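In: Okay, sequence plus prediction incoming.
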Amino acid sequence: MNSTILNLKSRIAEVADLKSAAAVLEWDQETYMPDNAGEVRALQVATLRKFAHTVFTSDETAKLLDEATADDQESDEARLLSIWKRDFERASKLPPELVFEKTKAIGRAKESWKQARLHQDFTRFESDFSRLVDFARQESSIIGYDEHPYDTLLDEFEPNMTTREVKTVFEHLRSSLVPIVQTIQQCKQPADQFLYETYDVSKLWDLGMDVLHLVGYDFTRGRQDLSTHPFSTTFDISDVRITTRIAENNLVSGLFSTLHEFGHALYEQGVDPKWQRTLLAEGTSLGIHESQSRLWENHIGRSQAFWEYLLPHLQTKFPNTLQNITLSEFYRAINKVQPSLIRVDADEVTYPLHVLLRFEIEADLIEGRLEVRELPELWRTKMQTYLGVVPENETDGILQDIHWSLGAFGYFPTYTLGTLYAAQFFEQASFALDNLESQIRSGQYSPLKNWLKTHIHQFGRAKSAKELVFDITNTSLSAEPWLKYIKTKYGDLYEF
């Protein structure tokens, strides 16, 4: 490795450390920080992220990137240079002061969002939300785009994906999915009341921890805590943390949140250590990241094989409620298809409709076709149109997700992209691994984890989403494996 690349790696390592330090403060803000510390925490995080941005976009970094070359275009050095140059080109267009002011605004918005949720009052969040929309529009204008201002924001989370491509995928998915949902709604629904009895919160927490041990979360390099909105965060591949949210009147909500975030964490715990402190030790796109969480939440967590192993354990924790519930009854109940208000609690069939709603709102907001003050009423209208349900309050409506308080415009489409990737990957894993279903039924997850690490996790950002999908499936992103999975699974469950 030549001296120029070594100097670059040293400089990039400092940027990675600064970002990790900011992430630690942000994790603390969502878990243990005192309520009145929000204002100063916003300044602390903003200072760190501004400094990281300044170091990364400095003239010295530019000079090193310009001088650096890699003899072998398939080498690790070539991968590093390609991604650093892409990141530099984007980041260098943003003034450090804008990065500082936006980060500060995010810190304040997170706190006003929490208060708005608590009081079921969107107006408490409206001003901060509007400011973040303004920042997003500024960023799109400064960085530039070819077709749609939303392209720039989407590209941050799903590189090389465009608004037009997302619309095409979503329209195809919707045309196939809506008739399936309509058919299921005409079928007899399973009994699921037992899922919504009152459960001991401490036992629900213990259940989640038991499952994390079962599936192999590395607690020597991570931990689980509680937060308002479940999330995972990575300070380094040696420290990947998750949070969950537990409701005493929902037996499986917290467990599925735990499995979801475990999928994210497993991805980054599985990155090859050679990418540490290079900015490549993370998921290559949020669509691929989401594929890992959806795979564990749905293809594993909502499978009959998973509960054949786990249900007896669950019944020992809650014998009064569950001792007479059969595996078939439990499996049907947790896979009940019913339009609902809350995205994170939605069944896997109707879930993409929640994402479609948010994508449309974001794209119109960034394009300037909507104003923030219009959103609560528009949200209710779209929920009625797409899902046939209307929230009674704004906490269960437009305030339910943390993403907009983070300024994360362009994030939501990756949830459905990840759902499609997950089906493609799980299909290939099933072909490659003998008796995968039997392994799940017996609580053995090492073969699947090893397959995921070998084909996806180890590469971090060194392989793009398109490269991974093609290498694994020999094709590109497709909705067909997911639609096949849904039709087969729910055709059996609902007998259509």
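Out: Here it is on my side, so go on.

In: Point out where this protein drops to low pLDDT.
Out: 1 (pLDDT under 70).

In: Looking at this protein, which helix is longest?
Out: What stands out as the longest helix in the chain, according to DSSP state H, is helix 3-31.

In: List the buried residues for the helix or strand following that one?
Out: As assigned by DSSP states H and E, the chain's next helix or strand after helix 3-31 is helix 38-56. Neighbour counts over helix 38-56 (16 or more other Cβ atoms under 10 Å) mark 38, 41-42, 44-46, 48-53, 55-56 as buried. All C-beta spots, glycine's among them, are computed from the backbone N, C-alpha and C.

In: Okay, the spatially most central residue of the chain and residue 201: tell me how far apart.
Out: Nearest to the geometric centre of the chain sits residue 290, at 4.8 Å (Cα atoms, centre = their mean). As judged by Cβ to Cβ, to the nearest Å, residue 290 and residue 201 stand 28 Å apart.

In: List the buried residues for the longest helix of the chain?
Out: In helix 3-31, counting by 16+ other Cβ under 10 Å, buried: 4-5, 7-9, 11-12, 15-16, 18-23, 25-27, 29-31.

In: now stretch 275-292
Out: The neighbour-count check on stretch 275-292 (16+ other Cβ under 10 Å) flags 275, 277-292 as buried.

In: again, but for stretch 436-445
Out: Under 16+ other Cβ under 10 Å, the buried positions of stretch 436-445 are 436, 439-441, 445.

In: What of stretch 143-161?
Out: Buried residues in stretch 143-161 (16+ other Cβ under 10 Å): 143, 145, 148-159, 161.

In: Identify the farthest-apart pair in those.
Out: Spatial extent of the buried residues of stretch 143-161 (Cβ to Cβ) is set by the pair 149 and 159 at 17.0 Å.

In: Now do the residue nearest to the centre of the chain against residue 31, distance only.
Out: Distance from residue 290 to residue 31, by Cβ to Cβ: 22 Å.

In: tell me the secondary structure for residue 243?
Out: What DSSP: H, G, I helix; E, B strand; the rest coil gives for residue 243 is strand.

In: Touching, it and residue 225? I think so.
Out: Yes - assessed by Cβ atoms under 8 Å, residue 243 is found in contact with residue 225 at 5.0 Å.

In: Please enumerate the shared neighbours of these two.
Out: Common contacts of residue 243 and residue 225 (Cβ atoms under 8 Å, 6 or more residues apart in numbering): residue 31.

In: Those two: which is more packed in?
Out: Higher neighbour count among residue 243 and residue 225: residue 243, with 21 against 13, using other Cβ atoms under 10 Å.

In: Apart from its chain neighbours, what residue comes closest to that one?
Out: Of all residues not flanking residue 243 in the chain, residue 227 sits nearest, at 3.8 Å (Cβ to Cβ, 6 or more residues apart in numbering).

In: neighbours around the one you found, how many?
Out: When neighbours are defined as other Cβ under 10 Å, residue 227 has 18 of them.

In: if I pick it, what's in contact with it?
Out: 30-31, 243-245.

In: what do you get if the cut-off is 7 Å, keeping everything else the same?
Out: 30-31, 243, 245 (Cβ atoms under 7 Å, 6 or more residues apart in numbering).

In: Please tabulate those residues in JSON lines and include distance to residue 451 as additional columns.
Out: Putting the contacts of residue 227 into JSON lines (distance: Cβ to Cβ, whole Å) gives the following:
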{"residue": "30", "distance to residue 451": "32"}
{"residue": "31", "distance to residue 451": "32"}
{"residue": "243", "distance to residue 451": "27"}
{"residue": "245", "distance to residue 451": "30"}
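
In: and of those, the nearest to residue 367?
Out: Using Cβ to Cβ, those come closest to residue 367 at residue 30, 30.5 Å.

In: ok, the closest one to residue 225 distance?
Out: Residue 30 is 9 Å from residue 225, by Cβ to Cβ.

In: Identify the contacts common to these two.
Out: Jointly contacting residue 30 and residue 225 under the rule Cβ under 7 Å, 6+ apart are residue 243.

In: Give me the three-state assignment for residue 235.
Out: Put simply, residue 235 is strand when judged by three-state DSSP.

In: What's the local residue count around it?
Out: 19.

In: Let me know the distance separating the residue nearest to it when sequence neighbours are not counted from residue 406.
Out: Computed as Cβ to Cβ, 6+ apart, the closest residue to residue 235 that is not its neighbour in sequence is residue 20, at 4.4 Å. For residue 20, the distance to residue 406 equals 17 Å [Cβ to Cβ].

In: Check residue 464 too.
Out: Relative to residue 406, residue 464 is positioned 24 Å away (Cβ to Cβ).

In: before we move on, what about residue 99?
Out: Between residue 99 and residue 406 the distance is 14 Å, computed by Cβ to Cβ.

In: So for those two, which sits in the more crowded spot?
Out: The residue with more neighbours, out of residue 99 and residue 406, is residue 99; 21 against 18, by other Cβ under 10 Å.

In: Would you confirm that that one contacts residue 53?
Out: Yes - here residue 99 lies in contact with residue 53, judged by Cβ atoms under 7 Å, at a distance of 4.6 Å.

In: Please enumerate the strands of the protein.
Out: For the chain, strands defined by DSSP state E occupy the ranges 224-226, 232-236, 239-244.

In: With distance to residue 217 added, can I get those strands in a markdown table?
Out: Listed next are the strands of the chain as a markdown table, based on distance: least, Cβ to Cβ, whole Å:
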| stretch | distance to residue 217 |
| --- | --- |
| strand 224-226 | 8 |
| strand 232-236 | 11 |
| strand 239-244 | 8 |
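
In: looking at those strands, which is buried most?
Out: Most buried of these, by mean neighbour count (mean count of other Cβ atoms under 10 Å): strand 239-244, with a mean of 23.

In: could I have that strand exported to CSV, CA atoms only?
Out: C-alpha atoms of strand 239-244 as CSV (Å, rounded to 0.1, in the frame of the first residue of the first chain):
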residue,chain,number,x,y,z
ASP,A,239,-19.8,-2.0,19.4
VAL,A,240,-23.1,-2.5,17.6
ARG,A,241,-26.2,-1.7,19.8
ILE,A,242,-29.9,-2.1,19.4
THR,A,243,-33.0,-0.8,21.2
THR,A,244,-36.5,-2.0,21.3
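
In: what about residue 411, neighbour count?
Out: Using other Cβ under 10 Å, residue 411 is surrounded by 22 other residues.

In: Nothing else from me, thank you.
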